[in-house]
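Quick one, fold the following:
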Amino acid sequence: MSRSRRGYQRKEPIAACLFCDTKIPKPSYLTEDKGPDGGMGGHCTKCGAFFISDITGRGGGQAVLDGLTFLADGHQDAGLALRADIDYKLEGAGYNPRTHSMDPKGSGKRYGMPKLWFFKRLTPP
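Numbers count the residues shown, from 1 in each chain. Next comes the predicted model:
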């Protein structure tokens, strides 16, 4: 092994916003009036996008529904009326909660893998 490769450690990518690539905080409990109670998520400090955590990897539908409700200021029916890629943008990525990093292999559809769902509003509410 060459000397330059000694001490080389492969680092996992940090958890970052999928819209602006800014480092995001660890998910915390969402207790806002217009959001889902008991869910976990957070906000990007740079672009304003927010994310919802699906730690089990089995509740993606519920996480997306919670995110749409959050986009519509707590009104679930209005959230369901929002149109993807017109009113909002949605991205998902694999997540490792133990190391707070994005999992490069988790971008595919693997059942049971924790995910972060990112939402960004494109039109004003």
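
Ala72 is in contact with Ala78, isn't it?
Yes. Counting by C-beta atoms under 8 Å, Ala72 does reach Ala78; the two are 3.9 Å apart. Quick note: C-beta positions are derived from backbone N, CA and C, even for glycine.

the more surrounded of these two?
Ala72 (20 against 14; other C-beta atoms under 10 Å).

For the more buried one, what are phi and psi?
Backbone torsions of Ala72, given as degrees, to the nearest 10, read phi -100, psi 30.

Also Pro25?
The phi/psi pair for Pro25 (degrees, to the nearest 10) is phi -80, psi 160.

burial of it, as a residue count?
Here the count is done by other C-beta under 10 Å, and Pro25 has 12 residues near it.

Helix, strand or coil: sort out the closest residue to it other than its chain neighbours for me.
Among residues not flanking Pro25 along the chain, Gly42 sits closest, at 5.1 Å (C-beta to C-beta, 6 or more residues apart in numbering). What DSSP: H, G, I helix; E, B strand; the rest coil gives for Gly42 is strand.

okay, now Gly42: neighbour count?
Around Gly42 there are 20 residues (other C-beta under 10 Å).

Wait, it touches Phe50, no?
Yes. The criterion here is C-beta under 8 Å, and Gly42 meets it with Phe50 at 6.7 Å.
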